[in-house]
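*Asks:* need the 3D shape of this:
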Amino acid sequence: MELKRNLTMLTDFYELTMAGGYFEEGYTEKTCVFDMFFRKVPDGGGFAICAGLEQLIESLENLRFTPEDIAYLRQCGLFSEAFLDYLANFKFACSVWAIPEGTPIFPGEPIVTVEGPAIQAQLIETVLLVNINHQSLIATKANRIVRAASGRPVAEFGARRAQSYDAAVLGARAAYIGGVTSTSCVMAARDFGIPVSGTMAHSWVQMFPSEYEAFRKYAELYPENCVLLVDTYNVTKSGVPNAIRVFDEVLRPAGIRPGGIRIDSGDIAYLSKRARRLLDEAGYPDAKIIVSNSLDEYIVRDLILQDAKVDSFGIGENLITSKSDPVFGGVYKLAAIKNEDGSYVPKIKISESVEKMTVPHRKAVWRIYDDETGKAMADYITLYDEPVETKNGITLFDPVETWKERTFTGCTARNILVPIYEEGRLVYQSPSLEEIHEFCHSQIDALWDEVKRFEYPHRYYVDLSKKLWEERQQLLRALSVRK
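*Replies:* Numbers count the residues shown, from 1 in each chain. Coordinates of the predicted model:
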């Protein structure tokens, strides 16, 4: 989808006050490195899914301050004319590396790394976070629901419950990356090529003198897409019998098999079993039973465990808002400052909470795959230019519980942070959404089932190289002495 809007002013005000300060201090040429990472997987899961990179790229491609933007900032009364002139004329000149969309990601590892002029790298923080945080959250939630469905199709039905129209459209995109098969959001379907789905609401049934007449007219209008909503009045006493009558009178004479029925309320496990029996007895064993009504991954899993006769699921509010854990929590932190000679001065943020302590320096993220099974074994964060050799095995250790070590043999390491921009020049071709959808599926297949558990998943290790760990320890010791 081509982005028509300029989102440069989608920034927190402190980005501008800091940028103005950098300018007044003569930092226009100072180069720094920022990392985006997150600290906790939503819903206590074992992994998240990276999404939103394409929209980040579109935002950066349109990064410019308009005369109206400059006029607004001028009337704020805080910024010098020299700084405002800089903003009016600057061009994006940062280098960016990112983990491709659809890739499973883990806490603490860089998802996006930005290197460039301090002012520019600072200014893009908000738009970077809002793009990656939102879509990664929804893709992660969607995939949980898709995995709970155990191969049954899941349709995204949440547009009307999303927090805005942007959240509805981009949420549908993210949900498709996460594995849903279709969306009810027509704009998302049109703009991104997602299969569209949907039939009728209860108001259609109520609009006609009787349920039977509502069903009959719908079948006459849309015989090839005839899925009837059977719970407006009574699922088993009127809804399913009337649907069967219409299938017999309208579709069967035309040689058309019905799409099926949808149940949107009540005890879905019980009603689906009753409906399945009625449909089978009427000669429609191929008619699908689709269910909706405030479902999430746990209800979906329970329905399957109860042997509910459900062929596919429509999921709305709990998916599009990630209602159970609605904040992804990605952050953007300074990792290094680059000297004129090309060397880096590492920077670290220290906290009383170990999980909030940052990893300094410009880095690379390597995913280690077992050559025999193809499974991902661990992620390995190194200095950006540090060679990684697995031919003779590679030993990783836990960066917190350092006595824990494991040596991997017969494995391959792949750098999963890929170049997106080189000094402001876009060098990355975004895949199609369908390609991202398939890529995500393949990458999740490469995770062990234990990592994919909903409750108490196996911890996937994200370890630091010895050089990087020592770099961080050195900084910690130095800062401790200063205290």
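*Asks:* for the stretch 301-450 of the chain, which segments count as helices?
*Replies:* Per DSSP state H, counting those that start in this stretch, the stretch 301-450 of the chain carries helices over the ranges 317-320, 433-445.
*Asks:* give me the residues contacting the shortest one.
*Replies:* Helix 317-320 is contacted from outside by 138, 141-142, 145, 156-159, 161-162, 167-168, 171-172, 175, 180, 294-296, 323-324, using C-beta atoms under 8 Å, 6 or more residues apart in numbering. In short, each C-beta sits where N, CA and C put it, glycine included.
*Asks:* ok, for F23, nearest residue in space, not its chain neighbours?
*Replies:* Excluding the flanking residues, the one nearest F23 by C-beta to C-beta, 6 or more residues apart in numbering is F83, at 4.6 Å.
*Asks:* isn't the one you found right next to G21, touching?
*Replies:* No - look at F83 against G21 with C-beta atoms under 8 Å: they stay out of range, at 9.3 Å.
*Asks:* show me which of the two is the more surrounded one.
*Replies:* Neighbours were counted for F83 and for G21 using other C-beta atoms under 10 Å; F83 has more, 20 against 14.
*Asks:* now name the helix or strand holding the more buried one.
*Replies:* Following DSSP states H and E, one finds F83 within helix 81-89.
*Asks:* equivalent analysis for A19, please.
*Replies:* If you go by DSSP H and E, A19 is part of helix 13-24.
*Asks:* tell me what that helix is packed against?
*Replies:* Applying 3 or more C-beta pairs under 8 Å, 6 or more residues apart in numbering; DSSP states H and E, one finds that helix 13-24 contacts helix 81-89, helix 118-123.
*Asks:* that helix: which residues count as buried?
*Replies:* Within helix 13-24, the residues scored as buried using 16 or more other C-beta atoms under 10 Å are 15-16, 18-20, 22-23.
*Asks:* among those residues, which one sits closest to I57?
*Replies:* Using C-beta to C-beta, E15 is the member of those that lies nearest I57, at 19.3 Å.
*Asks:* contacting residues for the closest one?
*Replies:* Listed by C-beta under 8 Å, 6+ apart, the contact set of E15 reads 122-123, 125-126.
*Asks:* returning to that earlier point: filter the contacts of helix 317-320 down to the buried ones.
*Replies:* Among the contacts of helix 317-320, those buried by neighbour count (16+ other C-beta under 10 Å) are 138, 141-142, 145, 156-159, 161-162, 167-168, 171-172, 175, 180, 295-296.
*Asks:* out of those residues, which sit inside strands?
*Replies:* The strands, defined by DSSP state E, take in E156 from the buried ones among the contacts of helix 317-320.
*Asks:* from the buried ones among the contacts of helix 317-320, which ones fall inside helices?
*Replies:* The helices, defined by DSSP state H, take in 138, 141-142, 145, 167-168, 171-172, 175 from these.
*Asks:* between those residues, which is nearest K391?
*Replies:* Of all these, A142 has the smallest distance to K391: 38.4 Å, by C-beta to C-beta.
*Asks:* which strand residues bridge S182?
*Replies:* Beta-bridge pairing for S182 (DSSP bridges): A155.
*Asks:* can you give me the domain boundaries for this protein?
*Replies:* Following automatic domain parsing, the chain resolves into domains at 13-138+326-482, 199-293.
*Asks:* with distance to A189 and mean pLDDT added, can I get the ones you listed in a markdown table?
*Replies:* Output for these, formatted as a markdown table (distance: least, C-beta to C-beta, whole Å; pLDDT from 0 to 100):
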| stretch | distance to A189 | mean pLDDT |
| --- | --- | --- |
| domain 13-138+326-482 | 11 | 94 |
| domain 199-293 | 14 | 97 |
